[in-house]
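turn this into a structure:
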Amino acid sequence: MKNPHNEDITPYSGDVPLQKRLEINDACRANFTKYTRKAFEAIPVIEKPDILDLGCGTGVPTLELARLTNGKIVAVDTDRECLEWLKEKIKRQNYQDRISVIRKSVLRIDLPEDSFDIILAEGLFNVIGFEKALSRFVKFLKPKGYFMIHDDYRYIAIKQKIIEKYKLMLVKSFVLDETVWRNEYCSCLERKIEEFQKEWGNRVNTNRLFRREKSELAMYRKNPENWRSVYFVFKKHGV
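Numbering: from 1, shown residues only. Below is the predicted model:
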């Protein structure tokens, strides 16, 4: 599926400290690709699937799905910095013909209904709201298509009722508890930020550069139980 917007995202320009920060985020986020694979393994083989990645960020799961399939992917996000970096990685890994990028709010995308075999949303539903997101995006799935969602574990009973309301069939779900987040993400961030500080010293304001990451780490330390998350794989009913 071609990018209907033909969005022009300037390739990443090469600010070295910024690139290091993006590489650190990617390295720590890559520890979770095994869970993306675990969720994806619940989906039967689809020959050349059309895939929509909502809130793709720097595209760690996007590129993993490109490796796992021979399909085409539309990746959507608003963050120019992240998308420039994703475009650079797409170019380096020679996926230009298979991954297209749209810089736009996921709530404003104009795509044909019933057009994707798989939709991926990692960390997006807890930002938008579970029912609001599901009601807006399920229409993009083809009949018998699959929705992969990685979401906050809180209010799980309410979310299950919402799933029933939209008549989606649960194919698979599994939970990542707070120890997974600590061991595979937070500890990774702490270690790599410390290594960066030792390498760059006073040449870079580390607190400013990693402001978002340090805020995340502070939130985890304050309420680690709030970091539990769940993967869902749903199937849309056919016609």
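
hey, let's count contacts and neighbours off CA atoms from now on
OK.

does residue 231 sit in a helix, a strand or a coil?
Of the three states, residue 231 takes strand according to DSSP: H, G, I helix; E, B strand; the rest coil.

now for it, how many residues are close by?
As a burial measure, residue 231 scores 22 neighbours (other C-alpha atoms under 10 Å).

with residue 92 instead?
Neighbour count of residue 92, defined by other C-alpha under 10 Å: 10.

and the one 10 residues further on, by the same measure?
Other residues within reach of residue 102 by the criterion other C-alpha under 10 Å amount to 22.

which stretches of the chain form strands?
Assigned by DSSP state E, the chain shows strands spanning 50-54, 72-77, 99-103, 116-122, 141-152, 169-176, 229-235.

what inclination does the worst-scoring helix or strand of the chain on mean pLDDT have with respect to strand 169-176?
Within the chain, confidence by mean pLDDT, DSSP states H and E is lowest for helix 156-165 among all helices and strands, at a mean of 90. Here helix 156-165 runs at an angle of 160 degrees relative to strand 169-176 (axes from the mean of the first three to the mean of the last three C-alpha atoms, to 10 degrees).

low-confidence bits of the protein, can you list those?
Scanning the chain for pLDDT under 70 picks out the ranges 1-14, 239.

try it again at 90.
Across the chain, residues meeting the criterion (pLDDT under 90) sit at 1-16, 160, 163-164, 166-167, 237-239.

residue boundaries of the helices in it?
Ranges of helices in the chain, per DSSP state H, are 16-29, 33-40, 60-68, 80-92, 125-128, 130-137, 156-165, 178-181, 187-200, 206-209, 211-222.

which one, of those helices, ends up nearest to residue 49?
helix 60-68 (10.2 Å; C-alpha to C-alpha).

and the closest one, what's buried?
Residues 60-63, 65-66 are the ones in helix 60-68 that count as buried (16 or more other C-alpha atoms under 10 Å).

about what we covered before: of the strands of the chain, which is nearest residue 210?
Among those, strand 72-77 comes nearest to residue 210, with 20.5 Å by C-alpha to C-alpha.

not counting its neighbours along the chain, what's nearest residue 72?
Spatial nearest neighbour of residue 72, chain neighbours left out: residue 98 (4.6 Å); criterion: C-alpha to C-alpha, 6 or more residues apart in numbering.

quick one on the thing from earlier: reformat the helices of the chain as a markdown table; add distance to residue 51.
Shown next, in a markdown table, are the helices of the chain (distance: least, C-alpha to C-alpha, whole Å):
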| stretch | distance to residue 51 |
| --- | --- |
| helix 16-29 | 20 |
| helix 33-40 | 12 |
| helix 60-68 | 9 |
| helix 80-92 | 16 |
| helix 125-128 | 17 |
| helix 130-137 | 13 |
| helix 156-165 | 21 |
| helix 178-181 | 27 |
| helix 187-200 | 29 |
| helix 206-209 | 33 |
| helix 211-222 | 29 |
